[in-house]
Structures are given as C-alpha cells and as structure tokens.
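> below: sequence and its predicted model.
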Amino acid sequence: MSITYTGMGMRAVKQVNRLPYNTAGEGPQIHNPAAVETTYYSYDASW
C-alpha cells in the first residue's frame, strides 16, 4: 500500500497492490497496473 499526502497533511492518493506476489510466490508485481487499485481523494472548502 502506498499513500500520498498533500502539503497540509491530507490524504490525496491511496494505491493498493491486489497481487503483491505472482502464482510462483515471486514478487512484488509492482509493474502490473491491472493489479493496483488507486483511490483519489478530493476536498472542497465547504467542510
């Protein structure tokens, strides 16, 4: 899992590798973009 924060300390991006190892037990599969689930966070000024 990789988390990127903004300059104010708020979470901006979270990336989770769903397949950290391949079927042979070798890994991590960091160069497989299909295995990475990315969540982007956005904030507005209303809170």
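Structure received.
> how many neighbours does Val36 have?
Close neighbours of Val36, defined as other Cβ atoms under 10 Å, add up to 15. To be clear about C-beta, it is placed using only N, CA and C from the backbone, and glycine gets the same treatment.
> all strands of this protein, in order?
2-5, 11-17, 36-40 (DSSP state E).
> residue nearest the middle of the protein, spatially speaking?
Gln15 (0.5 Å; Cα atoms, centre = their mean).
> bridging residues for that one?
Residues in a beta bridge with Gln15, per DSSP bridges, are Ser2, Thr38.
> my read: Thr39 touches Thr4, true?
No. Thr39 is beyond contact range of Thr4, at 10.7 Å (criterion: Cβ atoms under 8 Å).
> most packed of the strands of the chain?
Most buried of these by mean neighbour count (mean count of other Cβ atoms under 10 Å) is strand 11-17; its value is a mean of 14.
> quick one on the thing from earlier: any idea how far Pro33 is from the residue nearest to the centre of the chain?
10 Å (Cβ to Cβ, to the nearest Å).
> now swap in Ser42 and tell me
Ser42 sits 22 Å away from Pro33, going by Cβ to Cβ.
> between these two, which one's more packed in?
Pro33 (8 against 5).
> wait, what's in contact with the closest residue to Tyr41 other than its chain neighbours?
Nearest residue to Tyr41, sequence neighbours excluded (Cβ to Cβ, 6 or more residues apart in numbering): Arg11, at 5.3 Å. By Cβ atoms under 8 Å, 6 or more residues apart in numbering, the contact set of Arg11 is 3-5, 41.
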